[in-house]
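Trainee: Give the three-dimensional model of this entry:
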Amino acid sequence: MTNLAIAANGLRKSYGDKVVLDGIDLAVPAGTIFSLLGPNGAGKTTVVKILSTLVSAGPGTGDIRIDGHDLAADPQAVRAAIGVTGQFSAVDGLITGEENMLLMADLHHLSRSEGRRTAAALLERFDLVEAARQPASTYSGGMKRRLDIAMTLVGSPRVIFLDEPTTGLDPRSRHTMWQIIRELVSDGVTVFLTTQYLEEADELADRIAVLHDGRIAAQGTAQELKRLVPGGHVRLRFADPAAHRDAALALPGVGRDDEALTLQIPSDGSQRDLRSVLDRLDAAGIEADELTVHTPDLDDVFFALTGGTAIPHQPRKAVR
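Mentor: Predicted coordinates:
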């Protein structure tokens, strides 16, 4: 467990009679991107606020360790190890980007020279040098987000919480932010990401958890989660009607379209499944002209886990 940047067991939170988090377990290895998905109001921001010490979970919340520090016993050590970028920018629009950076350096008790050196390096890293002495109120949404993360990095955090960091950004700015997040992880930082964009989690996260009704409905890699949902298949297309007919005989029980000369074989998209199909075709001396693998995407997973559609065989279980 020593290589875990975030470890939470039995995380709970209630507001009066309303249970927001009902016994959540999380394990995030150091140097990875972990994404928490869930419908609006599922409790994603509450998780971030508790793990980042912004909100107290209260008594009986379970055991939580961040970067090896016990959150309940040593919250100050946790604060020193983390950085937080929330849904709403912490940038002060009345002062310049450079002044925002220097203010953050002061808050981290850096010396004047070290603060200026750190601010200059981060402004350059995030391509904000030209705008550094302009009021932050003049920045675009993407520039403000980059400045926000630059400010978060002033204290050299080992764990960064990004709560919906690309909400409201245009596609180009979103992709720029993705590259920034990847670079953070390549430097050894652990990123805990909440997002409302399923494509974003699919693109970035090493592991994903889906939060629903105060519990983790499922977690695993994107590919593991996609295998929870039925509908995956391998599609074979043939140019020769005879080859299409012979393949249908070699693969009994498949979906067959005689007009399009295609066959559809249920599959979870795994290498083992694909090899099995190809081996059966090879044994029959048949070669398909085109083979495509179709698997459910995270949208399918999300709606199945949070929209009432049952997940076959292992509902509401973590993928191992």
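Trainee: Now do the same for the most centrally placed residue in the chain: helix, strand or coil?
Mentor: Nearest residue to the geometric centre of the chain (Cα atoms, centre = their mean): residue 35, 2.6 Å. Here residue 35 is strand, with the state taken from DSSP: H, G, I helix; E, B strand; the rest coil.
Trainee: can you tell me how far it sits from residue 121?
Mentor: According to Cβ to Cβ, to the nearest Å, residue 35 and residue 121 sit 28 Å apart. To be clear about C-beta, it is placed using only N, CA and C from the backbone, and glycine gets the same treatment.
Trainee: same thing with residue 261?
Mentor: 60 Å.
Trainee: So for the two, which residue has more residues nearby?
Mentor: residue 261 (20 against 13; other Cβ atoms under 10 Å).
Trainee: okay but that one is in contact with residue 245, surely?
Mentor: No: Residue 261 is not in contact with residue 245 according to Cβ atoms under 8 Å; the separation is 9.3 Å.
Trainee: Domain ranges for the protein, per the record?
Mentor: Domain assignment for the chain by automatic domain parsing gives 4-91+139-226, 233-294.
Trainee: mind checking the end-to-end distance for the last one?
Mentor: So that's domain 233-294. Length of domain 233-294, first residue to last, Cα to Cα, to the nearest Å: 5 Å.
Trainee: from the chain's centre, how far out does it sit?
Mentor: Taking Cα atoms, centre = their mean, to the nearest Å, one finds domain 233-294 lying 34 Å from the centre of the chain it belongs to.
Trainee: same question for it, mean pLDDT?
Mentor: The average pLDDT within domain 233-294 is 90.
Trainee: Compute the number of surrounding residues for residue 307.
Mentor: By the measure other Cβ under 10 Å, the count of residues near residue 307 is 9.
Trainee: Over to residue 166?
Mentor: 23.
Trainee: Need the pLDDT of residue 308.
Mentor: pLDDT, read off for residue 308, is 53.
Trainee: next one: residue 39
Mentor: On pLDDT, residue 39 comes in at 85.
Trainee: And for residue 1?
Mentor: In this model, residue 1 carries a pLDDT of 46.
Trainee: now residue 133
Mentor: 96.
Trainee: Could you do residue 220 as well?
Mentor: For residue 220, the pLDDT comes out at 93.
Trainee: Is it bridged to anything, and to what?
Mentor: When bridges are called by DSSP bridges, residue 220 pairs up with residue 208.
Trainee: just checking, it touches residue 207?
Mentor: Yes: taking contacts as Cβ under 8 Å, residue 220 lies within contact range of residue 207: 6.6 Å.
Trainee: Helices along the stretch 201-320 of the chain, start to end?
Mentor: In the stretch 201-320 of the chain, the helices defined using DSSP state H, counting those that start in this stretch lie at 222-226, 241-250, 271-283, 298-306.
Trainee: Out of these, which is closest to residue 126?
Mentor: Among the helices of the stretch 201-320 of the chain, the nearest to residue 126 by Cβ to Cβ is helix 222-226 (27.5 Å).
Trainee: low-scoring pLDDT stretches of the stretch 1-150 of the chain, where are they?
Mentor: Across the stretch 1-150 of the chain, the ranges flagged by pLDDT under 70 are 1-2, 57, 60.
Trainee: got the helices of the stretch 201-320 of the chain as CSV, with mean neighbour count and distance to residue 202 columns?
Mentor: Below are the helices of the stretch 201-320 of the chain laid out as CSV (neighbours: other Cβ atoms under 10 Å; distance: least, Cβ to Cβ, whole Å):
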stretch, mean neighbour count, distance to residue 202
helix 222-226, 19, 5
helix 241-250, 16, 32
helix 271-283, 13, 19
helix 298-306, 20, 5
